[in-house]
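Engineer: this one's sequence-less:
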């Protein structure tokens, strides 16, 4: 769309490089998992300490994803990919050469920055790829999460046994370096960005809240869900989020645009993402455990780590194979239908795993069916998100969606651990999970998948249709401006919408607290721009964009109001008190009439109201009902001279 279509960069090459970044993210998350049983002996630490090698990456990725995604929208998407890859490579080297548990934790935390590559990469696809290729490309990038996770388990085992544990970090560093070079050479920098002030305080508070929440979730099982540290972490997360939410609503350029995030298409898509993330992660955790558990349990297959990991490869490959299918469903039926279809396949896969489990083939088939459903659902989510948010916020919106999915996977890990450790059987001198525990988790995952279907059903169809629109053309540029009153005061809340003169939507932007907006236009030409603010008559004008004038201001002229004249016995009544109440009795506003008996109040939201008039001297009073819509209302108030006799004009 922007620079790519006017450059020599191949869409196929861009897609390949960005998809490989998704694979790298999955590898970073899974490479150390097979080594966790051996790390206590290697590093002379406890098993609980060794689990920090996973927790550190989880926490840093949760903190980095929203910050990096927002920075990508502001400072450049390719630039932030390069920064994340550089940090990941440095972290891999630190882990390989550090020589101590502390340096290994630091290196793993730095590797967590790679998680931001997925939302930023998907937003680059929106900016750089033609419409007909975007759906399949996003589906492929989502699918690489599966193949990366599937390859990570056997690859880590092979490297560890052949070259030692340090080799997994050297391989990570080498892969990251090659990918960094590929990004610099192949991926163009998008021109779609939103300059402004970075919300440092919002980023700090959100980071602290997420760290507390995810640390409590990930350590609740080992520390005890009722232990003081876990309860304090949950309490800290709640307090920080309670402080962060109102701050983000007041700040001019927030870290997360909450008003956009609570719009029904975005909110329901993120809810579905949370549930699908929960269900998806259970599949990986349960499959590898069942394959490795002793045959004496009655349902285990006693495979070694490498063989069990290889059994996951069909699931990952199926996700890649079904990427074009996912893209086809999205193009033909929309993201909403794809999300529902993917979740339905996941439900079928988990129900099947409850009843078909007595052979390795059954386990692989069940796992693969769930992975296929995951691939279709994951491909739909970015499409729905990008169709429901302004073009200039695609990276940060996808970052929030990725963060929500990671919270789902973390919650899944905690829930699976809780169930498997509570429903056990005795095998020799050890207590191991019973198959009833596995069935319980299968049903939990099936219910989570079904709940994501329900959430998807209520996504507005208009939003799902909008997700299928092309993201514009080769010279896409960001136009900024302000929505102001006639005396140049900012108007907020307000929304600016851009349409082609044919009526097709182009972009939209929510105005910040300083009256600023940003919209992406696909090139020179005429556009219909509409500004709408609560309490003001909307304003529409044609903007003849020459490709150079990157500012367009709106000056709203007509304030919507409730106004009228107060009289007594036909004469103007000055200094009378006029009060507006909701029909349910809540106070809305109060004013006084001027010397000519006139009054005005800002027009309230549509609904039924009561307006009252109080005589300043005799204290006569009257009231009348009003129905308010989105137009100015004139309500004249009159009373007769005799005290107590009221007239409703």
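Structural biologist: Yep, it's here. As the structure is a prediction and not an experimental result, all values here were calculated from the model. Numbering: from 1, shown residues only.

Engineer: name the element the residue nearest the centre of the chain belongs to?
Structural biologist: Using CA atoms, centre = their mean, the residue of the chain that lies closest to the mean C-alpha position is residue 401, 2.2 Å off. Secondary structure assignment for residue 401, by DSSP states H and E: helix 394-422.

Engineer: That helix packs against which elements?
Structural biologist: With contacts defined as 3 or more CB pairs under 8 Å, 6 or more residues apart in numbering; DSSP states H and E, the secondary structure elements packing on helix 394-422 are helix 52-75, helix 117-128, helix 200-223, helix 258-261, helix 264-292, helix 360-388, strand 430-433, helix 435-457. Bear in mind the C-beta positions are built from the backbone N, C-alpha and C, glycine included.

Engineer: Would you tell me what the next helix or strand after it is?
Structural biologist: Once the chain leaves helix 394-422, the next helix or strand it forms, by DSSP H and E, is strand 424-427.

Engineer: Run through this structure and note the low-pLDDT ranges.
Structural biologist: Counting by pLDDT under 70, the low-confidence segments of the chain come to 1-8, 462-475, 642-649.

Engineer: How is it divided into domains?
Structural biologist: Split into domains by automatic domain parsing, the chain comes to 4-198+253-466, 199-252, 477-556, 561-639.

Engineer: max-length helix in the chain?
Structural biologist: Taking residue count as the measure and DSSP state H as the definition, the longest helix of the chain comes out as helix 131-163.

Engineer: what about residue 626, is that helix, strand or coil?
Structural biologist: strand (DSSP: H, G, I helix; E, B strand; the rest coil).

Engineer: Beta-bridge partners for it, please?
Structural biologist: Partner residues in beta bridges with residue 626, using DSSP bridges, are residue 609.

Engineer: give the contact list for it.
Structural biologist: If a contact means CB atoms under 8 Å, 6 or more residues apart in numbering, then residue 626 has 562, 608, 609, 610, 611, 633, 635 as its contacts.

Engineer: Okay, buried residues for stretch 44-57 please.
Structural biologist: Of all the residues in stretch 44-57, those buried under the rule 16 or more other CB atoms under 10 Å are 45, 50, 51, 52, 53, 54, 55, 56, 57.

Engineer: quick one on the thing from earlier: now the helix holding residue 401: buried residues?
Structural biologist: Along helix 394-422, the positions that meet the burial threshold by neighbour count (16+ other CB under 10 Å) are 394-417, 419-420.

Engineer: That one vs helix 360-388, what angle?
Structural biologist: 150 degrees (axes from the mean of the first three to the mean of the last three CA atoms, to 10 degrees).

Engineer: now helix 394-422, how far from the centre of its chain.
Structural biologist: Remark: helix 394-422 is offset 12 Å from the chain centroid, using CA atoms, centre = their mean, to the nearest Å.

Engineer: Now, of the contacts of residue 626, which are buried?
Structural biologist: Neighbour counting by 16+ other CB under 10 Å classes 562, 609, 610, 611, 633, 635 among the contacts of residue 626 as buried.

Engineer: from memory the second one sits against residue 625, does it?
Structural biologist: Yes. Residue 609 lies in contact with residue 625 (CB atoms under 8 Å); the separation is 7.4 Å.

Engineer: Spit out the residues that contact those two alike.
Structural biologist: Jointly contacting residue 609 and residue 625 under the rule CB under 8 Å, 6+ apart are residue 583.

Engineer: Now for residue 113: which residues touch it?
Structural biologist: Applying CB under 8 Å, 6+ apart, we find residue 113 in contact with 60, 61, 64, 68, 83, 84, 87, 88, 91.

Engineer: follow-up on the earlier one: just the helices and strands packed on helix 394-422: most buried one?
Structural biologist: Of all the helices and strands packed on helix 394-422, helix 117-128 carries the top mean neighbour count, a mean of 29, counting by mean count of other CB atoms under 10 Å.

Engineer: report the angle between the axes of that one and helix 394-422?
Structural biologist: Counting by the same axes, to 10 degrees, helix 117-128 points 150 degrees away from the direction of helix 394-422.
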